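**Q** predicted model, plus sequence, below.
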Amino acid sequence: MENITLSGLESTVLFLLGIAAVLVSIEKGVAAFNSLFKKKTADREAAQDARLTALEGQVKSLSSRLEKGDSQFVKLRSDIGELLAVQNVVLMHMISGNGIETLKKTKNDLDNYMASR
């Protein structure tokens, strides 16, 4: 310890400060790189979230429309069944010329169906 000079002490302190400055610069560079990368990732995730939200809304709307269409198809199938039954009775009447009571009953059934529809 006898050979420690002011110049040597200054050199040692400056060397340690230089090392500290390099370490701080590296840390700040890594932090800047990470924040830039994370920002891009966050922006992409936000865009994907917005697209998914829009798609979920469309799926909900389309599902609702499909359910409504399905229920209308059920009603339409029932209506067609009634029309076929009526047409069958009318054709049988036209073929045979009788069956007036069957026509009256079918007319009554059709009126009841139409009233309950």
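**A** Sure, I can see it.
**Q** for the longest helix along the chain, packing partners?
**A** Selection of the longest helix in the chain by residue count, based on DSSP state H, yields helix 6-96. Helix 6-96 sits against helix 100-116, with contacts defined as 3 or more CB pairs under 8 Å, 6 or more residues apart in numbering; DSSP states H and E. (C-beta placed from N, C-alpha, C; glycine too.)
**Q** quick one: mean pLDDT over the helix it packs on.
**A** Mean per-residue pLDDT for helix 100-116: 85.
**Q** send me that helix as PDB with only the CA atoms.
**A** Provided in PDB are the C-alpha atoms of helix 100-116 (Å, rounded to 0.1, in the frame of the first residue of the first chain):
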ATOM      1  CA  ILE A 100    -118.800 -33.600 -48.200                       C
ATOM      2  CA  GLU A 101    -118.700 -34.400 -44.500                       C
ATOM      3  CA  THR A 102    -114.900 -35.000 -44.800                       C
ATOM      4  CA  LEU A 103    -114.600 -31.600 -46.600                       C
ATOM      5  CA  LYS A 104    -116.500 -29.900 -43.800                       C
ATOM      6  CA  LYS A 105    -114.300 -31.600 -41.100                       C
ATOM      7  CA  THR A 106    -111.100 -30.700 -43.000                       C
ATOM      8  CA  LYS A 107    -112.300 -27.100 -43.300                       C
ATOM      9  CA  ASN A 108    -113.000 -27.000 -39.600                       C
ATOM     10  CA  ASP A 109    -109.500 -28.500 -38.900                       C
ATOM     11  CA  LEU A 110    -107.900 -26.000 -41.200                       C
ATOM     12  CA  ASP A 111    -109.800 -23.100 -39.500                       C
ATOM     13  CA  ASN A 112    -108.600 -24.400 -36.100                       C
ATOM     14  CA  TYR A 113    -105.000 -24.700 -37.300                       C
ATOM     15  CA  MET A 114    -105.100 -21.100 -38.700                       C
ATOM     16  CA  ALA A 115    -106.500 -19.700 -35.500                       C
ATOM     17  CA  SER A 116    -103.900 -21.400 -33.300                       C
END
